[in-house]
Every structure is written in structure tokens, then in C-alpha cells.
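Visitor: how does the following fold in three dimensions:
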Amino acid sequence: MNPIKKAILAGIMTIVVYLTVVVLTTPALEPIAAINAAFQLNAIVIIGMGVGIGLQVYLSGKSKMLGCKLNVKRKAFGGSSGSTAVTSFFSFFSLVPLGCCGWWLYALSLLPSIFGTGVSAVLIEYSQPLAYLGLVVIFGFNALTAIKLHKEKKLRQLI
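Guide: Model (predicted):
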């Protein structure tokens, strides 16, 4: 499968998984209502994660096609995969007041015992900006990968 098809499939699957989690953790609402609420509040995050992961898969596939080994070091919560998990985690918090993702109320109740009350309050209060920050990290790593791929491509043309 070529990199574009893989990227589109990965992006769609990311969105499907996100919406599946929304539906599964929202037994109080009909699935369509839960999905509608998720898109009303988190459309940028949902679509951004799909595009970001799709772009990551495309760049990875393109580098493999060219025979490149892009040694992009990714630390825990610093890489695109960790950022995706963090982004989705924070984006679910904004859905709780609407009755979506009721399971996340349980997760929220555990935060003070893990991080302390002050940090937990900040995480909950600023969950939406933190989700957007996660998107910035995802696209930042994609930009770094694209730059490295471009440099590698240029270097190979010179040889």
C-alpha cells in the first residue's frame, strides 16, 4: 500500500477510535448524540489528531520508500504517539459537563491522589488548551520529520 493510502487509513482509524471511546464511555447518551457533542466541542482536536497521525504515517512511509533512516528521537510524552494520547486524554475532559464520557469523571476523581489538588485543578481547568498544545507537539514532530526527510532527499541528490 502506498504512503498516501496508509496515511488516509491511519487518519480515519484515529478518528474512529476516538469516537468509539466517546460512545463506549457515554452510556447515558445515544451514540449519535455523544458523537455530535464530541464534534461540537472538540472538532479541531478530533480532526487534528486524524490529520496529524495520517501525516506521521505518510512521512514514515515516504522515508521508507526512499530508503531513509530518519532517527527522530522520541521521548515519553514528547513524541507524536505520546502527544496523541495526552491530547485525547485532555480533550475528553471537556466533554464531561455535557454528559459525555462519564467514565472520565472517575479518571478525574483519581487525579488529586496522583498529582495533588493544585495540579489536578490546573489540568482540569486548562484541559482544552492542553489538548491544543498536544496537537502543536504532534504537528511539531511531523514538521521536524518533514525537514529531516527533505534534507536527506537533498543530500542524496548531491551524491
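Visitor: remind me, longest helix of the chain?
Guide: Under DSSP state H, the helix in the chain containing the largest number of residues is helix 31-65.
Visitor: just how off-centre is that helix within its chain?
Guide: Chain-centre distance of helix 31-65: 7 Å, with CA atoms, centre = their mean, to the nearest Å.
Visitor: same question for it, mean pLDDT?
Guide: In this model, helix 31-65 carries a mean pLDDT of 91.
Visitor: give me the buried positions along it.
Guide: Within helix 31-65, the residues scored as buried using 16 or more other CB atoms under 10 Å are 34-35, 37-38, 41-42, 45-46, 48-63. All C-beta atoms are positioned from the backbone trio N, CA, C, and that covers glycine.
Visitor: again, but for stretch 123-139
Guide: Buried, per 16+ other CB under 10 Å, within stretch 123-139: 123-124, 127-128, 130-132, 134-135, 137-139.
Visitor: so which pair among these is furthest apart in space?
Guide: 124 and 139 (24.7 Å; CB to CB).
Visitor: out of the buried residues of stretch 123-139, which comes closest to residue 10?
Guide: residue 138 (12.7 Å).
Visitor: and the closest one, how close does it get to residue 112?
Guide: 28 Å (CB to CB, to the nearest Å).
Visitor: swap in residue 51?
Guide: Relative to residue 112, residue 51 is positioned 34 Å away (CB to CB).
Visitor: please apply the same query to residue 41.
Guide: Going from residue 41 to residue 112 by CB to CB gives 24 Å.
Visitor: likewise for residue 45?
Guide: For residue 45, the distance to residue 112 - CB to CB - is 25 Å.
Visitor: same deal with residue 140?
Guide: Distance from residue 140 to residue 112, by CB to CB: 31 Å.
Visitor: now do residue 131
Guide: Taking CB to CB, one finds residue 131 at 20 Å from residue 112.
Visitor: what of residue 127?
Guide: Taken as CB to CB, the span from residue 127 to residue 112 is 15 Å.
Visitor: from residue 134, how far out is the residue positioned nearest the centre of the chain?
Guide: Most central in the chain under CA atoms, centre = their mean is residue 84, positioned 2.7 Å from the mean C-alpha point. Separation of residue 84 from residue 134 (CB to CB): 7 Å.
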